[in-house]
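1. Pasting the sequence and the predicted coordinates here, then a few questions.
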Amino acid sequence: MECSSSQASSSGEKRSHNWRSYKLIIDPALKKGQHKLYRYDGQQFSVPNSGIPPVESVGDPRMGRIWTKNRDLDLPIPKFKIDEHYVGPVPPKQVTFAKLNDNIRENFLTDMCKKYGEVEEVEILYNPKNKKHLGIAKVVFATVKGAKEAVQHLHNTSVMGNKIHVISDTKGGQKVQTFWVYVSWSLAFGL
C-alpha cells in the first residue's frame, strides 16, 4: 500500500512522512486489550519501544507467480468400480472362458492371461451343490487392449486337452447364462 501523508501531531504542528508501505502488526479486533501497532517500511513503528525488532529485508511474503509455473504432477489414474450404478458405456475388459479342463485353477489361468496384459481378477465357477468345477471362468483385465488380445489369441485353442471357448463379456451376462445352463443341466441329470 502506498502512503504519503501529512499528519497533525498533538501539538498542532504538521509532520511529513513519506512511507512506501505499512503493515498492521497488532489488531485490537483480534487481540483484545491491545492497541493498534503499525510498522512503516519494515523499520519504524507507530508506538516507540514496541518491543518488536525491525525487519532486516522487506519483501512480499507470498510465493511469486505460483499460477504461472508448470509443474509435472505424477497423479494416479483413478480406477472406477463397475457395478449396477455405473453410468456410461462399460469398457469391455471382462473375458469369459468356457469348456475349461477341470484341472485348471486360478493361478494357471492368471499365468496364461498375463501374456496379453495385467490381470485384475480371476474367478472360476463351481457347482453350488457339489462344488464341482464347471469349466467356466471370468478374467478381468486392467485394459481393454489386453482383453481383446486374449480373446483373439486364446479362442478355439487347446489347453490341457480341451478346446476352450473365449469371448469378450462386458457385464458378465454370457458367463451367468452359461453358468445357469450348466447348473440346470447338472441338476436335471443328477450330476
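-> Sure thing, it's come through.
2. When you work out contacts or count neighbours from here on, use the C-alpha atoms and nothing else.
-> Fine.
3. Contacts only, for the residue nearest in space to the middle of the chain.
-> In the chain, the residue lying closest to the centroid (C-alpha atoms, centre = their mean) is P78, at 4.2 Å. If you count contacts by C-alpha atoms under 8 Å, 6 or more residues apart in numbering, P78 has none.
4. neighbours of M112, just the number please.
-> 13 (other C-alpha atoms under 10 Å).
5. how far away is it from V122?
-> Using C-alpha to C-alpha, to the nearest Å, M112 is found at 11 Å from V122.
6. Equivalent analysis for F97, please.
-> 11 Å.
7. between the two, what contacts are shared?
-> A137, K138, V139.
8. pLDDT wise, what is F97 at?
-> Here the pLDDT value assigned to F97 is 91.
9. Which of the three states applies to it?
-> strand (DSSP: H, G, I helix; E, B strand; the rest coil).
10. Kindly report the same for G146.
-> helix.
11. For it, give me its contacts.
-> G146 touches K93, Y116, G117, E118, counting by C-alpha under 8 Å, 6+ apart.
12. From F108, how far out is it?
-> G146 is 17 Å from F108, where distance means C-alpha to C-alpha.
13. can you give me the helices for this structure?
-> 106-113, 144-154, 173-188 (DSSP state H).
14. pLDDT score for V119?
-> On the pLDDT scale, V119 gets 94.
15. how many neighbours does N101 have?
-> 18.
16. correct me, but it touches A137?
-> No: at 10.8 Å, N101 does not count as touching A137 under the criterion of C-alpha atoms under 8 Å.
17. give me every residue that touches the spatially closest residue to T170 that is not a sequence neighbour.
-> Excluding the flanking residues, the one nearest T170 by C-alpha to C-alpha, 6 or more residues apart in numbering is P92, at 4.6 Å. Shown in contact with P92 (C-alpha under 8 Å, 6+ apart): V144, A147, S168, D169, T170, K171.
18. which non-adjacent residue is nearest the first one?
-> The spatial neighbour of V144 that comes closest, neighbours along the chain excluded (C-alpha to C-alpha, 6+ apart), is K93 at 4.8 Å.
19. again with V122
-> Leaving aside its chain neighbours, V122 sits nearest to V139 (4.6 Å; criterion: C-alpha to C-alpha, 6+ apart).
20. tell me the contacts of the one you found?
-> Q94, V95, T96, F97, V119, E120, E121, V122, E123.
21. what's the most distant pair in the residues you listed?
-> Greatest spacing in the contacts of V139, by C-alpha to C-alpha: F97 and E120 (15.4 Å).
22. neighbour-wise, which of these two wins?
-> F97 (23 against 13).
23. so the more buried one sits right up against S168, yeah?
-> No: F97 lies out of contact with S168 (C-alpha under 8 Å); the separation is 9.0 Å.
24. hey, least reliable of the helices of the chain by pLDDT?
-> If you rank the helices of the chain by mean pLDDT, helix 173-188 sits at the bottom with a mean of 63.
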